[in-house]
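Student: Sequence and predicted model, in that order:
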Amino acid sequence: MKLFVYHTPELTPTDHNPDCAVVIDVLRATTTIATALNAGAEAVQAFSDINQLMTVSEAWAADRRIRAGERGGKQVEGCDMGNSPLLCTPEQVQGKRLFISTTNGTRTLQRVENAPVVLTGAQVNRQAVVDYLSQHQPETVWLVGSGWEGAYSLEDTVCAGAIALPFYEQNPAIVGNDEVLGAVSLYRQWQDQLVELFCQASHGQRLLRLDLLDDIKYCAQTDLLNVLPLQVEKGLLTLKS
Ligand SMILES: O=C(O)[C@H](CS(=O)(=O)O)OP(=O)(O)O
Ligand SMILES: [Mg+2]
């Protein structure tokens, strides 16, 4: 197995796909996806285009769907919620499909949708991702951060390091690109102070300006949820059983 870390979807190679792609958007899309599925959502369907989300979700009865639309950290008009994982409670999502479109994470999912295996990872389900990779040993694995509008995001790369660390410690030869070592080093440095790191990050600063410190604290909880979102068809994620 070779691990490659890409800080943003724009930095991934365009001429080939990996055997397995792990989409990472800690603040907040992949944290929200893991939380919603853990809370009993039937599935999560991701859209990079909000208008397409609204059209496709129209076919679902209002009591069987939740429209989660976010741009710039704020809820999109006409949606039921924005992108906060704290709203994905069993009472809200049980048995419903979460239709989600966010600023960054849903674009990353689109970028890697043709990979044979697509998973979503966040700090909250880090171990579930590690367990899958350890068990299945894909030949090439991309850990793809979502960044922010094409720019680097600390929180996504530190999560990539959290996933890569156990493999690197077991066999340094798994390193596929320099970014893996950078991510592992970042996580080693900050693993016990993730809230502090996230609050210093540009993304965390944006969320703090929106009074969303509780979201940051929730997203920083390592291995909170033993769930693994798996793409079963392009853009459609369910729990890996
Ligand atoms: O909803 C979020 O936290 C972000 C948007 S922003 O960076 O807060 O403006 O979207 P995501 O796609 O989860 O990075
Ligand atoms: Mg993000």
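Tutor: Looks like it arrived, so ask away. In this text, all values refer to a predicted model and were calculated from it rather than measured experimentally. Numbers count the residues shown, from 1 in each chain. Ligands and ions are numbered 1, 2, ... in the order given.
Student: can you tell me the helix or strand for the closest residue to Lys234 other than its chain neighbours?
Tutor: Nearest residue to Lys234, sequence neighbours excluded (Cβ to Cβ, 6 or more residues apart in numbering): Glu113, at 4.6 Å. Using the backbone N, CA and C atoms, a C-beta is placed for each residue, glycine as well. If you go by DSSP states H and E, Glu113 is not part of any helix or strand.
Student: and Glu113, what does it touch?
Tutor: Residues near Glu113 by Cβ atoms under 8 Å, 6 or more residues apart in numbering: 231, 234-235.
Student: The helix or strand of the chain with the lowest mean pLDDT pairs with which strands, and in what direction?
Tutor: When each helix and strand of the chain is scored by mean pLDDT, DSSP states H and E, strand 74-75 comes last, with a mean of 94. Take DSSP bridges as the rule and strand 74-75 pairs in its sheet with strand 65-71 (antiparallel).
Student: What are the buried residues along the strand it pairs with?
Tutor: Residues 65-70 are the ones in strand 65-71 that count as buried (16 or more other Cβ atoms under 10 Å).
Student: Same check on stretch 113-127?
Tutor: Residues of stretch 113-127 classed as buried by neighbour count (16+ other Cβ under 10 Å): 113, 115, 117-127.
Student: Mind checking which of these are in helices?
Tutor: 126-127 (DSSP state H).
Student: Just the closest of the buried residues of stretch 113-127 to ligand 1, please.
Tutor: Ranked by distance to ligand 1 (Cβ to the nearest ligand atom), the buried residues of stretch 113-127 are led by Ala122 at 9.9 Å.
Student: So the most centrally placed residue in the chain: helix, strand or coil?
Tutor: The chain has Thr30 as the residue nearest its centroid, 2.6 Å off, counting by Cα atoms, centre = their mean. Thr30 falls in the helix class when you classify it by DSSP: H, G, I helix; E, B strand; the rest coil.
Student: do the same with Gln231
Tutor: With three-state DSSP as the basis, the three-state label of Gln231 is strand.
Student: need the contact list for the closest residue to Lys74 other than its chain neighbours.
Tutor: Excluding the flanking residues, the one nearest Lys74 by Cβ to Cβ, 6+ apart is Gly82, at 6.2 Å. By Cβ under 8 Å, 6+ apart, the contact list for Gly82 reads 68-70, 73-76.
Student: next one: Arg111
Tutor: 9, 12, 144.
Student: elements contacting the helix or strand hosting the last one?
Tutor: According to DSSP H and E, Val144 maps onto strand 140-145. For strand 140-145, the elements it packs on are strand 2-6, strand 20-24, helix 105-111, helix 154-170, judged by 3 or more Cβ pairs under 8 Å, 6 or more residues apart in numbering; DSSP states H and E.
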